[in-house]
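> model this:
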Amino acid sequence: MIEEYQTEAVVGRYWHRLEDGRVQCDVCPRYCKLREGQRGLCFVRARQGDAVVLTTYGRSSGFCIDPVEKKPLNHFFPGTPVLSFGTAGCNLTCKFCQNWDISKSREFDKLQDKASPQMIAEAAVMTNCKSVAFTYNDPTIFIEYAVDVAQACHERGVNTIAVSAGYICSEPREEFYRHMDAANIDLKAFTQEFYGKVCSGQLTNVLETLKYLRHETDVWLEITTLLIPGENDSEKEIRSEATWIIEHLGPDVPLHFSAFHPDWKMLDKPKTPPETLKRARNIAMECGLRYVYLGNIHNHEASSTYCHNCGEILIGRDWYELSDWNLDGYGTCISCGIKCTGQFDGPHGTWGRKRQPLEIGTKGLA
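Numbers count the residues shown, from 1 in each chain. I've put the predicted structure just below:
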């Protein structure tokens with residue numbers, strides 16, 4: 001039994017004092033300037049005394065074991081289970097947020113589970129999880145906790161995954177991703193108009209994160225764009241996004257287009273039609289991207305992985321269930337010998353589509 005863990009606020013690593021007496025948080029490009037007792041937009045980073053502290057260290061909104069494909073990551077140890085968790089708060093204000101009850105939470109009583117980094121790493125080992133994923137809300141805002149968890153996981157041979165919007169400053173970005181093995185970055189759209197109006201953020205900062213991950217780290221990278229009817233689903237925008245990815249990141253970075261459903265403050269938009277997703281995939285592949293997937297819909301063809309050289313199906317997928325497997329232990333196509341980019345270590349895992357809630361810390365893990 002893992003023992004109960006007591007939590008407390010910890011001093012953050014990225015902030016500085018201003019001449020006017022305020023303290024500025026330097027984790028993300030919002031640069032929240034705080035007086036005593038104030039919190040940043042993310043709500044979880046706050047001023048206490050002359051420092052910025054993380055108020056949610058060691059506290060989670062819940063733990064769950066998912067398939068790695070749900071992050072989504074299709075080229076990172078396919079079929080393996082991932083221990084997923086998040087905390088509360090977010091540093092963007094996306095009106096369409098699909099996890100708004102967690103990311104927009106202003107109530108710490110939602111953070112029921114308390115667990116130390118060592119407890120989380122131990123839980124991953126005990127449940128045979130290949131990786132631990134920081135998800136549900138953006139790990140950027142709980143960087144100190146995430147880095148400590150990642151270090152504990154690596155000591156036990158467990159991988160770490162960041163599911164993030166990529167909205168982070170350069171110095172904390174370097175530290176954060178130094179401890180990550182894979183990342184899925186949520187590229188919300190490909191216009192500043194959308195980022196400003198819908199997310200109150202800056203597209204350029206996200207693009208810098210993508211370029212940094214691709215060219216200055218060994219982190220395995222995949223990208224997700226949620227297509228919202230009438231907002232970011234035009235052919236021009238999709239083509240611009242795909243072209244930018246090819247020019248700046250290369251054709252081998254997997255891109256996931258996901259279906260929107262009305263949520264949070266965007267209830268006036270309809271669900272994304274399957275035809276829109278299929279059209280987006282076709283456009284992206286016409287532009288030269290080799291691995292383009294569709295999410296939140298049932299489409300075997302658009303969920304599977306194909307060899308870019310000979311066209312052979314490499315990994316068959318039906319939702320999160322894997323079927324065909326035509327890769328050797330190093331991720332090479334057995335038909336033509338061309339490498340499929342990604343992280344592979346033999347036959348795929350068999351976790352499948354199941355989702356298993358897990359209790360850690362104050363509730364215990366038997």
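> Can you tell me the closest non-neighbouring residue to Leu294?
Once flanking residues are discounted, Leu294 sits nearest to Ala302: 4.0 Å by CB to CB, 6 or more residues apart in numbering. Every C-beta, even on glycine, is put in place using the N, C-alpha and C of the backbone.
> name the element the one you found belongs to?
In the assignment (DSSP states H and E), Ala302 maps to helix 300-303.
> any idea how the protein splits into domains?
What automatic domain parsing lists as the domains of the chain is 10-54, 59-359.
> and the longest one, how far out from the chain's middle?
Pointing back at domain 59-359 there. When distances are taken as CA atoms, centre = their mean, to the nearest Å, domain 59-359 is centred 5 Å away from the chain's centroid.
> With the first one instead?
For domain 10-54, the distance between its averaged C-alpha position and the chain's averaged C-alpha position is 24 Å (CA atoms, centre = their mean).
> low-scoring pLDDT stretches of the stretch 1-150 of the chain, where are they?
For the stretch 1-150 of the chain, residues meeting the criterion pLDDT under 70 lie at 1-8, 99-112.
> picking up where we left off before, let me know which of the domains of the chain is tucked in deepest.
Sort those by mean neighbour count, taking mean count of other CB atoms under 10 Å, and domain 59-359 sits at the top with a mean of 19.
> dump the residue contacts of Arg22.
Arg22 makes contacts with Lys33, Leu34, Arg35, as judged by CB atoms under 8 Å, 6 or more residues apart in numbering.
> From those, which land in strands?
Lys33, Leu34 (DSSP state E).
> Tell me how far the residue nearest to Leu294 lies from Ser335.
Note on Ala302: its distance to Ser335, by CB to CB, to the nearest Å, is 21 Å.
> repeat for Gly62
In this structure, Gly62 and Ser335 are 43 Å apart, going by CB to CB.
> Phe260 now?
As it turns out, when the distance is counted by CB to CB, Phe260 lies 36 Å from Ser335.
> just the strands in the stretch 201-350 of the chain please.
Assigned by DSSP state E, counting those that start in this stretch, the stretch 201-350 of the chain shows strands spanning 220-227, 255-259, 292-295, 305-306, 313-318, 321-325.
> can you list those in TSV and add mean pLDDT?
Formatted as TSV, the entries for the strands of the stretch 201-350 of the chain read as follows, by pLDDT from 0 to 100:
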stretch	mean pLDDT
strand 220-227	98
strand 255-259	97
strand 292-295	97
strand 305-306	98
strand 313-318	95
strand 321-325	94
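> Distance to Thr80 added to those strands, as CSV?
Supplementary listing: the strands of the stretch 201-350 of the chain in CSV, determined by distance: least, CB to CB, whole Å:
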stretch, distance to Thr80
strand 220-227, 13
strand 255-259, 18
strand 292-295, 17
strand 305-306, 15
strand 313-318, 13
strand 321-325, 10
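> Quick one: closest of these to Ala115.
When the strands of the stretch 201-350 of the chain are compared by CB to CB, strand 220-227 sits nearest Ala115, at 25.6 Å.
> could I get the closest one in CSV with only the CA atoms?
Extracted in CSV, the C-alpha atoms of strand 220-227 (Å, rounded to 0.1, in the frame of the first residue of the first chain):
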residue,chain,number,x,y,z
TRP,A,220,9.2,12.3,-30.0
LEU,A,221,6.7,14.8,-31.4
GLU,A,222,3.2,14.6,-32.7
ILE,A,223,0.7,17.4,-33.4
THR,A,224,-3.1,17.6,-32.9
THR,A,225,-5.5,20.2,-34.4
LEU,A,226,-9.2,20.1,-33.3
LEU,A,227,-11.2,21.3,-36.4
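> In space, what's closest to Ile185 - neighbours in sequence excluded?
Of all residues beyond its chain neighbours, the one nearest Ile185 is Gly166 (4.4 Å), with distances taken as CB to CB, 6+ apart.
> Just the element for that neighbour, please.
Since the elements are taken from DSSP H and E, Gly166 ends up inside neither a helix nor a strand.
> so what's Leu41 up against?
Counting by CB under 8 Å, 6+ apart, Leu41 touches Arg30, Cys32, Asn91, Thr93.
> Please give me every residue in contact with Gln192.
Contact partners of Gln192, counting by CB under 8 Å, 6+ apart, are Gln202, Leu203, Thr204.
> Among those residues, which are located in helices?
Counting by DSSP state H, the members of the contacts of Gln192 that fall within helices are Leu203, Thr204.
> pretty sure Thr341 is in contact with His75, am I right?
Yes: Thr341 is in contact with His75 according to CB atoms under 8 Å; the separation is 6.6 Å.
> Which member of the contacts of Gln192 is positioned nearest Asp252?
Comparing the contacts of Gln192 against Asp252 with CB to CB picks out Leu203 as the nearest, at 22.7 Å.
> how far away is the closest one from Ala123?
From Leu203 across to Ala123, the span is 37 Å (CB to CB).
> And the strands in the stretch 1-150 of the chain?
Going by DSSP E, counting those that start in this stretch, the stretch 1-150 of the chain shows strands at 10-11, 15-17, 23-25, 33-34, 45-48, 51-54, 59-60, 62-67, 81-86, 113-114, 131-134.
> Which among the ones you listed is found nearest to Leu294?
When the strands of the stretch 1-150 of the chain are compared by CB to CB, strand 62-67 sits nearest Leu294, at 16.3 Å.
> Partner strands of that closest one, with direction?
Its sheet considered, strand 62-67 pairs with strand 81-86 (antiparallel), strand 356-358 (antiparallel) by DSSP bridges.
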